[in-house]
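K.L.:
the amino acid sequence is not available; the structure is as follows:
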């Protein structure tokens, strides 16, 4: 046996050599089995497993937060681009009425902010007021109108996806302290109500059945006999959309004030 051959050799080593061999063996054991301690006992394996689980959970939580942040920050741009793309493809009375309603809804949100004048949870995030959330109103309006017009025929696919996207976007605005929960809730309710009423008005449904529908007005006053808006006129909704979504009514005065401050400093 190899063990019996090595034992006599080991006993013939000097004392220092024996100590070195034992020390090296111990260090090798510690490298291979880091769960052993200096007393020879084993560390608590559940604690090690718990630490690994915590690190894994923290990584997953960070990834989820990053994804929600990406969705929340891109909502305005993405929704505006998709809306304009559909408008450019369709260019019919319903899409133009939809566009007019979304602009009116956005203006209403800005007016309500000036009337209610409730601050955001973090004033440093934005310089305008927070009640109601204009993003919530826009998403509520667009989501409701789109569902009534096209989503009901494809509700098993469209409705859950749209609802999930809206929920993630609005959750981001609360978590980043751009709005309170109440500001988001009020915005969604107002937007959804506006979307429902505007859809009824567009098609002449109740409570607007006694008057001329918006589609009829748009068709007779804004569209040619083909019923399709000429492509060159898309510059008008694009300009209006950029002005409203980009909050130019707030950015232009800010730019003017910043320029005046620079001139004063130079003087």
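P.N.:
The structure has been received and is ready for your questions. All values reported here derive from a predicted model rather than from experimental measurement.

K.L.:
give me the distance between residue 170 and residue 195.
P.N.:
15 Å (C-beta to C-beta, to the nearest Å). All C-beta atoms are positioned from the backbone trio N, CA, C, and that covers glycine.

K.L.:
swap that for residue 82, sorry
P.N.:
Distance, residue 82 to residue 195, using C-beta to C-beta: 16 Å.

K.L.:
who has more neighbours out of these two?
P.N.:
residue 195 (27 against 11; other C-beta atoms under 10 Å).

K.L.:
wait, doesn't the more buried one sit right on residue 137?
P.N.:
No - the pair residue 195 / residue 137 is not scored as a contact, 9.4 Å apart, by C-beta atoms under 8 Å.

K.L.:
overlap in contacts of these two?
P.N.:
Contact criterion C-beta atoms under 8 Å, 6 or more residues apart in numbering; residues shared by residue 195 and residue 137: residue 105.

K.L.:
give me the pLDDT for the closest residue to residue 95 other than its chain neighbours.
P.N.:
Excluding its sequence neighbours, the residue lying closest to residue 95 (C-beta to C-beta, 6 or more residues apart in numbering) is residue 87, at 5.0 Å. For residue 87, the pLDDT comes out at 88.

K.L.:
residue 87 belongs to a helix?
P.N.:
Yes - Residue 87: assigned to a helix according to DSSP: H, G, I helix; E, B strand; the rest coil.

K.L.:
these two touch, right, it and residue 236?
P.N.:
No - using C-beta under 8 Å as the test, residue 87 is too far from residue 236 to be in contact (11.0 Å).

K.L.:
flag the shaky bits of the chain, pLDDT-wise.
P.N.:
1-58, 60-61, 123-127, 151-156, 246-251, 254, 267 (pLDDT under 70).

K.L.:
tell me where it has helices.
P.N.:
2-11, 15-32, 45-90, 93-116, 134-149, 155-175, 181-203, 214-221, 235-245, 248-266 (DSSP state H).

K.L.:
which of the ones you listed sits most buried?
P.N.:
For these, the largest average neighbour count (mean count of other C-beta atoms under 10 Å) is found in helix 134-149, namely a mean of 24.

K.L.:
centre-most residue in the protein?
P.N.:
The centroid of the chain falls nearest to residue 72 when counting by C-alpha atoms, centre = their mean (1.7 Å).

K.L.:
please name the residues that touch that residue.
P.N.:
Contacts of residue 72 by C-beta under 8 Å, 6+ apart are 168-169, 171-173, 176.

K.L.:
now residue 142
P.N.:
So residue 142 contacts 79, 83, 102, 191, 195 (C-beta under 8 Å, 6+ apart).

K.L.:
residue 217: which of the contacts of residue 72 is nearest?
P.N.:
residue 169 (32.5 Å; C-beta to C-beta).

K.L.:
residues contacting that closest one?
P.N.:
71-72, 75, 135, 139.

K.L.:
tell me the spacing between residue 205 and residue 230.
P.N.:
Residue 205 is 29 Å from residue 230, by C-beta to C-beta.
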